[in-house]
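Trainee: Turn this into a structure:
(chains A and B)
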Amino acid sequence: MLRPPAMNLLPKRPLHLPRLRTYVPEPSDPKIFWFNSERADILQDVVRRIMERYQDDEGIEFIIGDAAYHEIRRLEPRTDEGGRKGLEYWRGVIRRVGRMSSEGKHETLREIAMRMAKDVAGNFDPRVYKFAARAVPGLLTGVMNPSNVMRNVLDSGTRLDELVSVEGPIEKIHKLQRKGTMLLLPTHSSNLDSLAMGWIVFREALAPVVYGAGKNLFSNPLISFFMHNLGAYRVDRRVRARLYKDVLKAYSSIMIERGYHSLFFPGGTRIRSGAIEQRLKLGLAGTGVEAFARNQARGVNRPVFFVPATINYALVLEAETLIEDHLKEEGRARYIIEDDEFSRVERWVSFFKRFQNTESACVIRFGEPMDPFCNPVDDEGRSLAPDGRVIDPGSYVSRRGTPVVDPARDAAYTRDLGKAIAKAYVKETVVMGTQLVAHVLFRRLCRATPGLDLFARLRHRGDIAVPMDELREEVGQTRDALLRLERDDRVHLNAPLRQAAPEQIIERALDAWSGYHQKPIARVLGGSVIAEDPNLLLFYQNRLRLFACDIAGPHPGDQAAALEIAAMEGPR
Amino acid sequence: MSAPVAIVGGGAFGRALATAAARVERSVICWSRSKREPDHARISCTTDMAALRTAELVFLAVPSPHVSALSEELGKHLDGGHLVVHVSRGLVGNDIATLTEVVRETTPVRRVGALAGPLVARGLAEGEPGGAIVGTLFPEVADAVRDALGGPKLRIYATDDVVGVEIASAFVGLITLAMGYAKSLGFGPGTLAMLATRGMAEATRVGLARGGTARTFAGLAGFGDLLAATADDGRPELALGRALAEGEPLQTAAQRLGAYVEGVRIAEQVQAYGERARVETPIAAAMAKLVSGEVGREEAVAALMRRPAGGE
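Mentor: From the prediction side, this is the model:
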């Protein structure tokens, strides 16, 4: 694997910078600057909450046994020193737990919970934050061209500004950050999402957020270094123990209760199909509801705001791996991919070279903030009823006037919230030219293969040729239909797509694909465009799947094809 | 002391709910557009919706076409502390949105549910032993309904498959309409049983496509309700089905029967949804075409029987 010199200098293990003197936060510093001074208290709170949850000996024995069983299974195949020591520890636990006194069981649970909490909890180094904020754009560009790191560091901010644009109620989000705890909930289609969001949070002067970052993000040494020092907490999805999930949730809830703005990817993992995420479990983001209820129950009236955001790319770094994974039957169970384009530097280089030449290559669009009960909020952070009345969000967690913590109720609110966020994702999607051209070509493929199942259809590589004049007409008509949807506030279009002539849209899409993807997605031959890679066409067009019936042309074949596309991943 | 139970709707079902709640010693506030006299000491009547604010649990007992408007009006007086349960049988638009979704959209209330199953207004009012099911994501809503109505005469079951309950309930109206039609054509028990069974299979497919679970359709909200609907000849859907089969125009028949009959609209909605979502809905499509006059009865029956039969 190609590793430029700049990457080789970075360690593979998490690195903490030496601390010469303790950083004392200024009153004007964001909340996260207090993290290190509160860290020990937070860990104690997590353990206390776990101990409250498991009180009787039988429950404790079960949860310890469950943790030991899953950890032994996870560690057994490992041959490294850490794996061996871990295995020894857990085997010891499982041998002893049956004979332990009640006190011993409590103590062991406390010890395991603390171990897990320490593993989850991050570290925040203000020096790394200040450095990262200035240098990340340059380092990104440095990855592309390691021989010129210094020059890239100095002038790349401007270039990145042009590549990544932001839309949505930024001013309102600024205000709300000062009134309560904000949870940013972006869509997740690439590991670059964390970087893009981090950069935008800094550029738009939003308060820094705590990330719940998947272990796979730590596989890239550059990203890992920053993650470890910017308060990110590590979510290791390979740890199956129920206790670990409890610790994660307790940690996340406590952070929100204490007012740490956070960022979660509610889809959990990157969407494999390229579609707009619609089945959201929310995961840790759901702890925002619990955190609000817990604060209310102890008389703390600190609002929690959920801010959906879509991250829209003209090109997706890991598109080839993701769609391949999506199409494999077993793919959906493969939660962590460690060998994709994200971990291969040469693919980054190639991606960023192409990315740089694409106008508005990434658009991050924030949706309207909502309270934990899906109500919109005004600029002051007050919850609004459908008739515009200000209502008390505390009433949602009250029974007969008294705020109470109720996990079953909060789980139901979380499911509702998942639906509201998914709905916002559709509305806040920004359609890119590559997606539009892919959709039109894929619709043509469906027209030519009516009734065929997806896999049979995807075998038609290079079989569909669309005369350029027909493609221009259909791209223009589909773009106009999207513009109508945009006027109804049902979707948004990337600015260059709104104004460009159809031939420009086609040309730019083909150009963007051809410099990055290893196989051609589509190519021009003899005045026609040939659909070469139906898999990648499917990936890019999937972003428009939910609008297929609204944007199909008048041709009966188009209408039928749109119905097939709309039904591809099953109806809502 | 418990908060009163509120009931929106002064029709037969609203009154039966009020009586059932009063029977288990709950105080009840009933809202209706026109003033009416209470028929029980624990029941008070009002035309002022703001009076319902004092309740915690609110039943919405109005025909489905009125749910949206009334829910919007009701929403102006409620907040997140209220619980709303509807008892209507209907779906909204060609995306077949459910009525709990309508309540969520039009009010600030989130703790919502749907009460369904073999509940018959007369039986409920007279205290015949019976049962019902409440579909809700919130256990406290189910508990509140049990507190308000449950007791020695009424067993209230609960499920978190809200969408399943609402689609099953809507389909019961449609299947009952189809059975009324079929009865009038002189078809016997075998044909009627086939229609009921395949109709519920169709309901299950639609329910699954909307995120419901199959088990719900075999329970109180599905077959339980259908058995109650067809056990005697009293249901307006049966009468409307018969009238349509005898050639009476829809408007005249609906007016004569004095009730909005949801089954007709549901057939059209389900047909449109089925086409879009690629879910097979032959019975809904046949009923929609019959009612609109697009096909005649012989043609509709022949089209249904011509379909290839696969595994059940």
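Trainee: just for the chain, where's the confidence low?
Mentor: Just so you know, I chose chain A. Within chain A, the segments meeting pLDDT under 70 span A:1-23, A:133-160, A:215-223, A:225-228, A:329-360, A:569-572.
Trainee: wait, chain B
Mentor: B:1, B:258-260.
Trainee: Can you show me the CA trace of the helix of greatest length in it as CSV?
Mentor: Counting by DSSP state H, the longest helix found in chain B is helix B:162-184. Provided in CSV are the C-alpha atoms of helix B:162-184 (Å, rounded to 0.1, in the frame of the first residue of the first chain):
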residue,chain,number,x,y,z
VAL,B,162,-49.8,0.6,15.5
VAL,B,163,-49.7,0.7,11.7
GLY,B,164,-50.8,-3.0,11.6
VAL,B,165,-53.8,-2.3,13.8
GLU,B,166,-54.9,0.7,11.7
ILE,B,167,-54.5,-1.0,8.4
ALA,B,168,-56.3,-4.2,9.6
SER,B,169,-59.1,-2.1,10.9
ALA,B,170,-59.4,-0.2,7.6
PHE,B,171,-59.4,-3.4,5.6
VAL,B,172,-62.2,-4.8,7.7
GLY,B,173,-64.4,-2.0,6.4
LEU,B,174,-63.3,-2.9,2.8
ILE,B,175,-63.7,-6.6,3.1
THR,B,176,-67.1,-6.2,4.8
LEU,B,177,-68.3,-4.1,1.9
ALA,B,178,-67.1,-6.7,-0.6
MET,B,179,-68.9,-9.4,1.4
GLY,B,180,-72.1,-7.5,1.4
TYR,B,181,-71.7,-7.2,-2.4
ALA,B,182,-71.0,-10.9,-2.7
LYS,B,183,-73.9,-11.9,-0.5
SER,B,184,-76.3,-9.9,-2.7
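Trainee: Is chain A within reach of that helix?
Mentor: No - with Cβ under 8 Å from any Cβ of the partner chain as the criterion, chain A is not reached by helix B:162-184; the gap is at least 9.9 Å. The way it works is simple: take the backbone N, C-alpha and C, and place the C-beta from them, glycine included.
Trainee: Can you name the element that comes right after that helix?
Mentor: helix B:189-209 (DSSP states H and E).
Trainee: distance between the helix or strand following that next one and the chain's centre?
Mentor: Next helix or strand after helix B:189-209 toward the C-terminus (DSSP H and E): helix B:214-217. Using Cα atoms, centre = their mean, to the nearest Å, the mean C-alpha position of helix B:214-217 is found 16 Å from that of the whole chain.
Trainee: List the buried residues for helix B:214-217?
Mentor: B:216-217 (16 or more other Cβ atoms under 10 Å in any protein chain shown).
Trainee: relative orientation of the longest helix of chain B and helix B:189-209 in degrees?
Mentor: 160 degrees (axes from the mean of the first three to the mean of the last three Cα atoms, to 10 degrees).
Trainee: So what's the residue count around the residue in the stretch 151-300 of chain B that chain A sits nearest to?
Mentor: Across the stretch 151-300 of chain B, the shortest distance to chain A (Cβ to the nearest Cβ) belongs to residue B:277, at 3.4 Å. Residues within reach of residue B:277, counting by other Cβ atoms under 10 Å in any protein chain shown, total 20.
Trainee: ditto for residue A:55
Mentor: With other Cβ under 10 Å as criterion, residue A:55 counts 9.
Trainee: got the residues of chain B near chain A?
Mentor: B:3, B:56, B:72, B:75-76, B:79-81, B:95, B:104-108, B:110-111, B:137-140, B:160, B:209-211, B:275-279.
Trainee: residue contacts, residue B:117?
Mentor: Neighbouring residues of residue B:117 by Cβ atoms under 8 Å, 6 or more residues apart in numbering or on different chains: B:131-133, B:157, B:220-221, B:224-225, B:228.
Trainee: ok, residue B:6 to residue B:248 distance?
Mentor: 38 Å (Cβ to Cβ, to the nearest Å).
Trainee: between these two, which one's more packed in?
Mentor: Counting neighbours by other Cβ under 10 Å for residue B:6 and for residue B:248 shows that residue B:6 has the greater number, 29 against 15.
Trainee: Using the three-state scheme, assign the more buried one.
Mentor: strand (DSSP: H, G, I helix; E, B strand; the rest coil).
Trainee: Can you show me the helices along chain B?
Mentor: B:12-23, B:64-75, B:99-106, B:121-126, B:139-149, B:162-184, B:189-209, B:214-217, B:225-230, B:236-245, B:250-257, B:262-277, B:282-292, B:297-306.
Trainee: circling back: looks like the residue of the stretch 151-300 of chain B closest to chain A contacts residue B:208 (just checking).
Mentor: No - the pair residue B:277 and residue B:208 fails to qualify as a contact (Cβ atoms under 8 Å) at a distance of 10.6 Å.
Trainee: before we move on, the earlier item: list buried residues within the residues of chain B next to chain A.
Mentor: Among the residues of chain B next to chain A, those buried by neighbour count (16+ other Cβ under 10 Å) are B:3, B:56, B:72, B:75-76, B:79-81, B:104, B:106-108, B:110-111, B:137-140, B:160, B:209-211, B:276-277, B:279.
Trainee: For the residue of the stretch 101-250 of chain A at minimum distance from chain B, which residues are in contact?
Mentor: In the stretch 101-250 of chain A, the residue that lies nearest chain B is residue A:180 (16.5 Å; Cβ to the nearest Cβ). Taking Cβ under 8 Å, 6+ apart, we find residue A:180 in contact with A:259, A:302-305, A:381.
Trainee: Dump these to TSV, plus distance to chain B, secondary structure and neighbour count.
Mentor: Below are those laid out as TSV (distance: Cβ to the nearest Cβ, whole Å; DSSP: H, G, I helix; E, B strand; the rest coil; neighbours: other Cβ atoms under 10 Å in any protein chain shown):
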residue	distance to chain B	secondary structure	neighbour count
A:259	22	coil	17
A:302	17	coil	15
A:303	13	coil	21
A:304	14	strand	25
A:305	16	strand	24
A:381	16	coil	20
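Trainee: Mind putting these into TSV with distance to residue B:311?
Mentor: Output for those, formatted as TSV (distance: Cβ to Cβ, whole Å):
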residue	distance to residue B:311
A:259	57
A:302	56
A:303	54
A:304	49
A:305	50
A:381	56
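Trainee: ok, those residues vs residue A:100, which is closest?
Mentor: Distances from residue A:100 to the contacts of residue A:180, taken as Cβ to Cβ, are shortest for residue A:259 (38.2 Å).
Trainee: Does the closest one touch residue A:304 like I think?
Mentor: No - counting by Cβ under 8 Å, residue A:259 stays clear of residue A:304, with 9.6 Å between them.
Trainee: where do the contact lists of these two overlap?
Mentor: Any residue near both residue A:259 and residue A:304 by Cβ under 8 Å, 6+ apart counts here, and that gives A:180-181.
Trainee: How many residues are close by whatever residue of the stretch 201-350 of chain A ends up closest to chain B?
Mentor: Distance from chain B to each residue of the stretch 201-350 of chain A (Cβ to the nearest Cβ) is smallest for residue A:279, at 9.3 Å. Residue A:279: 14 surrounding residues under other Cβ under 10 Å.
Trainee: any idea what sits nearest it, other than its immediate chain neighbours?
Mentor: In space, and not counting its chain neighbours, residue A:279 is closest to residue A:422: 7.4 Å by Cβ to Cβ, 6 or more residues apart in numbering or on different chains.
Trainee: Nice, that's everything, thank you.
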